[in-house]
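> Fold the following, please.
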Amino acid sequence: MYETLRKVEKKRVTPTREMTVVLARCLHCGAESERLEQSVARANREKRKYCPACLPETFHMMTHTRPYKIWRGMRDRAENPNSPDWARYGGRGIAVAPEWSDFTKFWIDMAPGYMEHLTLERVDVNGPYSKANCRWATNMEQQANKRNNREVIYRGQRMHLSEFCRRAGVTRGAITPYLKKLESGEAAMAAYLQSGYPRGRKSRSTTS
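Below is the predicted model of the structure:
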């Protein structure tokens, strides 16, 4: 659990929102760190005893947690040739920073900003898993950052297909047949609406 000492001037800014950062003190070990205000509130609400600086207890207390599973999955994709995802990660040169072979160091770097609904994303999809190249992102943000994501021009703005589908209120499976790379989103929507394609159908991605 934490004691909030004060708010700091800087904000954590994502493509969708701006979040307040505070200076907080861990009530277990006394370590002070800058953390998202909402993360501090969540930790206190859930009565979490440990912070990332509580070593070595943090490692042992988190073995069965979601962050630990994310770390294991990251290393498996990048370092295990038997992983089903190896070809898209380690097989094409995506590596894990040497210091992140230790979970505690990974968690010290990435604990700020972590929330249960976010996933680990590499900012540069061709770069390594490292503190400088990783962030916590929503599923929508991560889908938009995929190498094979298509771009669409819609209402004068260029955006990824996932964002276009969200704004236009249409599923990827429904609109894709009417799109060419960088084609006007309005033209694709007009063709889609004239096609008689059943409305309200869920795509595979929303039902899996």
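
> going forward, measure contacts and count neighbours with C-alpha atoms only.
Noted.

> what about the helix or strand in which Glu121 is found, distance to the chain center?
Secondary structure assignment for Glu121, by DSSP states H and E: strand 119-122. Chain-centre distance of strand 119-122: 4 Å, with Cα atoms, centre = their mean, to the nearest Å.

> if I look at Val22, how far off is Leu5?
Distance of Val22 to Leu5, given as Cα to Cα, to the nearest Å: 7 Å.

> Of the two, which one has the most company?
Val22 (22 against 13; other Cα atoms under 10 Å).

> So the more buried one belongs to a helix, correct?
No. Applying DSSP: H, G, I helix; E, B strand; the rest coil, one finds Val22 to be strand, outside a helix.

> how about the nearest residue to it, chain neighbours excluded?
Once flanking residues are discounted, Val22 sits nearest to Lys7: 4.1 Å by Cα to Cα, 6 or more residues apart in numbering.

> Okay, buried residues for stretch 1-11 please.
Neighbour counts over stretch 1-11 (16 or more other Cα atoms under 10 Å) mark Met1, Tyr2, Thr4, Lys7 as buried.

> could the residues you listed go into CSV alongside secondary structure?
As requested, the buried residues of stretch 1-11 are exported to CSV (three-state DSSP):
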residue, secondary structure
Met1, coil
Tyr2, strand
Thr4, strand
Lys7, strand
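
> For Glu116, state which of those residues is nearest.
Met1 (17.1 Å; Cα to Cα).

> my guess is that closest one contacts His28, does it?
Yes. Between Met1 and His28 there is a contact under Cα atoms under 8 Å: 7.2 Å.

> Give me the common contacts of these two.
Overlap of the contact sets of Met1 and His28 (by Cα atoms under 8 Å, 6 or more residues apart in numbering) consists of Lys49, Tyr50, Cys51.

> Tell me the spacing between the closest residue to the first one other than its chain neighbours and Ile108.
So the one you mean is Lys49. In this structure, Lys49 finds its nearest non-sequential neighbour in Met1, 5.4 Å apart by Cα to Cα, 6+ apart. Between Met1 and Ile108 the computed distance is 16 Å (Cα to Cα).

> what about Arg167, which helix or strand?
Secondary structure assignment for Arg167, by DSSP H and E: helix 161-168.
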